[in-house]
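Participant: What shape does this take:
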Amino acid sequence: MRTFIQLKDGIAFAFVNTDGEIQGGIEIENGTGEFYINKSYSNGSWSDSVAPLICYAEVLENGTIVEIKRTRFASAVDGPVMNSDTGPNHKWINNAWVAPPIEVVPVEEA
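Facilitator: Numbers count the residues shown, from 1 in each chain. Predicted coordinates for the structure are as follows:
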């Protein structure tokens, strides 16, 4: 039995245990496929850590976020990439994230 890893964007997304060959797969030690899932492969070596998640948004024409999505594969991103400062109330305007206005609520004295 042999184990092969399949890559997408240089990141392991699947493994196959087989008696045969897998076209385009990277052979690893038999039975260790699960260990490599979501790890990067570059220049013949594996990363010790999991590939980072990329957060991106599906937005309406007015820039309002409809859905926040996550992936490890850059080729799957089909909207503006979000960073740690981008929240669900931000808008995508002129190719940049714009923070929502800060609302000031007056405090009534008792």
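Participant: in this protein, which ranges drop under the pLDDT threshold?
Facilitator: Applying pLDDT under 70 to the chain flags residues 110.
Participant: what's the nearest residue to the residue nearest the centre of the chain if we skip its chain neighbours?
Facilitator: Centre of the chain computed as the mean C-alpha position; nearest residue by Cα atoms, centre = their mean is Thr71, 2.3 Å away. By the measure of Cβ to Cβ, 6 or more residues apart in numbering, the closest residue to Thr71 outside its immediate chain neighbours is Ile54, 5.5 Å from it. No exception for glycine: its C-beta is placed from N, CA and C like everyone else's.
Participant: State the distance from the one you found to Tyr36.
Facilitator: Taking Cβ to Cβ, to the nearest Å as the measure, Ile54 falls 19 Å from Tyr36.
Participant: and what of Arg2?
Facilitator: Distance from Arg2 to Tyr36, by Cβ to Cβ: 14 Å.
Participant: quick one, which of these two is more surrounded?
Facilitator: Just comparing Arg2 and Tyr36: by other Cβ atoms under 10 Å the higher neighbour count belongs to Tyr36, 22 against 16.
Participant: Could you find the closest non-adjacent residue to Asn95?
Facilitator: In space, Asn95 is closest to Pro80, 7.7 Å off (Cβ to Cβ, 6+ apart).
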